[in-house]
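Trainee: Pasted the sequence and its predicted model underneath.
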Amino acid sequence: MPFLDDALLARIHDRAPGYDRENAFFAEDLDELRAAGYLTALVPESFGGAGLTLAQVVREQARLAAAAPATALAIGMHLIWTGVAKALLDRGDDSLAFVLREAAEGELFAFAISEPANDLMLFGSTTDAAPLPDGSYAFTGTKIFTSLSPAWTRLGTLGLDATSVDAPKLVHAVIARETPGAASTRISSLGDWNTLGMRATQSHTTRLDGAVADAARVYRRLDPGPSADPLIFGIFANFEILVAAVYAGIGDRALALGVDAAASRTSARTGLSRDQDPDVRHRLADAALAMDALWPQIDTLARDVDERVDHGTHWFRRLVGVKVNATRTARLVVDQAIAVAGGASFSREHELSRLYRDVLAGGFHPSNDDSARATIATDLLGPLLPPRVDSHD
């Protein structure tokens, strides 16, 4: 039985055009999703949550994305943190149990990893993490694409400790913001989100100026670079799979809109509805083939995370693959649906126009196509060798 009821999704769908038009945060959606218990979907029942599996949540995220992609993408950032905490707990690591407890108490977690011109992502940071005597850390730096900026109360982030005896260390921590939206000299949101698509996420740039993470919320100090720590797997797996689910939901919705358009339009030349046109039928069949191939990949990987299947080093190839396949497939399906719907879909007020703009955001989420190719090639062929340098006497 679905967790989110159809009436709730219908209301969210009806609000989506207004949020997009006004470049506004999805405040009413957030209130309703919180009231429905969706923010605790991945929190185990023993912590006061709904106790859903990742495999169940990816299907709910797709349904939510079909109603409002930006709402689903932003909520997904919170779900990623609860998913990471659950994945670690399932593997005997309770270092993020506080995330599950606080999510059950109503805290909203945002994702602050990305930084300007930093393609190292989880393997390096331009943000300074300064150790304090009590074990806490003060973070100073700039984070980009901080979804949920108007409303988050907890910020999951990382920075580089360059001064401790064992430095350098990447410090992973959660920063509390007790009063969202209040003026702060340590945490500021630039209010600069004015984008082509995914507008309701309000993913503003965030500046940290000595923002302190309490010692109890500092949960990892890792060497820079690739790491076998389960935290890295947990973040990577939940991020890639839950983002993939959002774009799969966009694909599902676009396909449905394409089918509706084919049935509702009539050819002046033949007098037949467009669903009798062989070219239209081929376009929609190709779109359906792509979606039918995508969903088993998402479902299987989510289930493998839930069931703690060990893919070893092949995990990362599979995870980048599902994200890239989802974003590529969604874009293909939207393109086909627009071709079927015709000139009406070029109107800014048409839902396919919004889906077209939203689906373009898929290329900006890690891992992008180039990074994914590098990961897959390394899995297949081994790492690149350093350039050969010939010496001459």
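Mentor: Yep, that arrived.

Trainee: low-confidence ranges in the stretch 51-200 of the chain?
Mentor: 179-185 (pLDDT under 70).

Trainee: mind listing the strands for it?
Mentor: Using DSSP state E, counting those that start in this stretch, the strands of the stretch 51-200 of the chain run over residues 109-112, 128-131, 137-146, 154-161, 169-176, 187-189.

Trainee: Minimum distance to I12: which of those has it?
Mentor: The minimum distance between I12 and those falls on strand 109-112, with 20.0 Å, by Cβ to Cβ. The C-beta positions use only the backbone N, C-alpha and C, and glycine is treated the same way.

Trainee: Now do the closest one: everything it contacts.
Mentor: 77-78, 80-82, 99, 102-103, 143, 146-149, 152-157, 174, 206, 239 (Cβ atoms under 8 Å, 6 or more residues apart in numbering).

Trainee: so what strands line up beside that strand?
Mentor: Within its sheet, strand 109-112 is paired with strand 154-161 (parallel), according to DSSP bridges.

Trainee: what's the angle from the strand it pairs with to strand 169-176?
Mentor: Here strand 154-161 runs at an angle of 150 degrees relative to strand 169-176 (axes from the mean of the first three to the mean of the last three Cα atoms, to 10 degrees).

Trainee: In this protein, which residue is most central in space?
Mentor: By Cα atoms, centre = their mean, the chain has its centre lying nearest to V243, at 3.8 Å.

Trainee: just to revisit the earlier point, of the strands of the stretch 51-200 of the chain, which approaches S95 most closely?
Mentor: strand 169-176 (9.5 Å).

Trainee: buried stuff in that closest one?
Mentor: For strand 169-176, burial by neighbour count (16 or more other Cβ atoms under 10 Å) applies to K169, L170, V171, H172, A173, V174, I175.

Trainee: Figure out the helix or strand that the closest residue to the fourth one other than its chain neighbours lives in.
Mentor: It refers to H172. In space, H172 comes closest to R220 once its chain neighbours are excluded; the distance is 3.9 Å by Cβ to Cβ, 6 or more residues apart in numbering. Using DSSP states H and E, R220 sits within strand 218-222.

Trainee: by contact count, what packs against that strand?
Mentor: In terms of contacts (3 or more Cβ pairs under 8 Å, 6 or more residues apart in numbering; DSSP states H and E), strand 218-222 is packed against strand 169-176, helix 230-264.

Trainee: hmm, 10 Å instead?
Mentor: Using 3 or more Cβ pairs under 10 Å, 6 or more residues apart in numbering; DSSP states H and E, the elements in contact with strand 218-222 are helix 97-104, strand 128-131, strand 154-161, strand 169-176, helix 230-264.

Trainee: just how off-centre is that strand within its chain?
Mentor: 22 Å (Cα atoms, centre = their mean, to the nearest Å).

Trainee: if we can go back for a sec, can you list the strands of the stretch 51-200 of the chain in TSV and add distance to P366?
Mentor: Shown next, in TSV, are the strands of the stretch 51-200 of the chain (distance: least, Cβ to Cβ, whole Å):
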stretch	distance to P366
strand 109-112	11
strand 128-131	21
strand 137-146	10
strand 154-161	14
strand 169-176	16
strand 187-189	22
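
Trainee: thinking again about what came up before, could you find the closest non-adjacent residue to the residue nearest to the centre of the chain?
Mentor: Using Cβ to Cβ, 6+ apart and skipping the chain neighbours, the partner closest in space to V243 is H365 (5.3 Å).

Trainee: where does the one you found fall, phi/psi-wise?
Mentor: Note on H365: its backbone torsions stand at phi -80, psi 140 [degrees, to the nearest 10].

Trainee: Tell me how the protein divides into domains.
Mentor: Per the record, the chain has its domains at 6-104, 109-222, 230-381, by automatic domain parsing.

Trainee: Need the winner for burial among those domains.
Mentor: Neighbour counts (mean count of other Cβ atoms under 10 Å) averaged over each of these peak at domain 6-104, with a mean of 20.

Trainee: what about that one, start to end distance?
Mentor: One end of domain 6-104 sits 24 Å from the other (Cα to Cα, to the nearest Å).

Trainee: what's the spacing between that domain and its chain's center?
Mentor: Taking Cα atoms, centre = their mean, the mean C-alpha location of domain 6-104 is offset from the chain mean by 11 Å.

Trainee: pretty sure A285 contacts Q336?
Mentor: Yes. Under the criterion of Cβ atoms under 10 Å, A285 makes contact with Q336 at 9.4 Å.

Trainee: follow-up on the earlier one: and the residue nearest to the centre of the chain, what's its pLDDT?
Mentor: What the model reports as pLDDT for V243 is 98.

Trainee: how close does it sit to I75?
Mentor: To I75, V243 is 12 Å away according to Cβ to Cβ, to the nearest Å.

Trainee: Between those two, which contacts overlap?
Mentor: Q61 (Cβ atoms under 10 Å, 6 or more residues apart in numbering).

Trainee: follow-up on the earlier one: return the residues in contact with the residue nearest to V243.
Mentor: Residues counted as contacts of H365 (Cβ under 10 Å, 6+ apart) are 73, 114, 145, 239-240, 243-244, 246-247, 323-324, 326-327.

Trainee: Check the gap between the residue nearest to H13 when sequence neighbours are not counted and A27 for me.
Mentor: Counting by Cβ to Cβ, 6+ apart, H13 lies nearest to A67, which is 4.0 Å off, once chain neighbours are set aside. Between A67 and A27 the computed distance is 16 Å (Cβ to Cβ).

Trainee: And for H311?
Mentor: Distance from H311 to A27, counting by Cβ to Cβ: 40 Å.

Trainee: And H314, by the same measure?
Mentor: The spacing between H314 and A27, counted by Cβ to Cβ, is 42 Å.

Trainee: Kindly report the same for L39.
Mentor: 14 Å.

Trainee: could I get the domains of the chain as a markdown table with distance to P387?
Mentor: Formatted as a markdown table, the entries for these read as follows, by distance: least, Cβ to Cβ, whole Å:
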| stretch | distance to P387 |
| --- | --- |
| domain 6-104 | 37 |
| domain 109-222 | 20 |
| domain 230-381 | 16 |
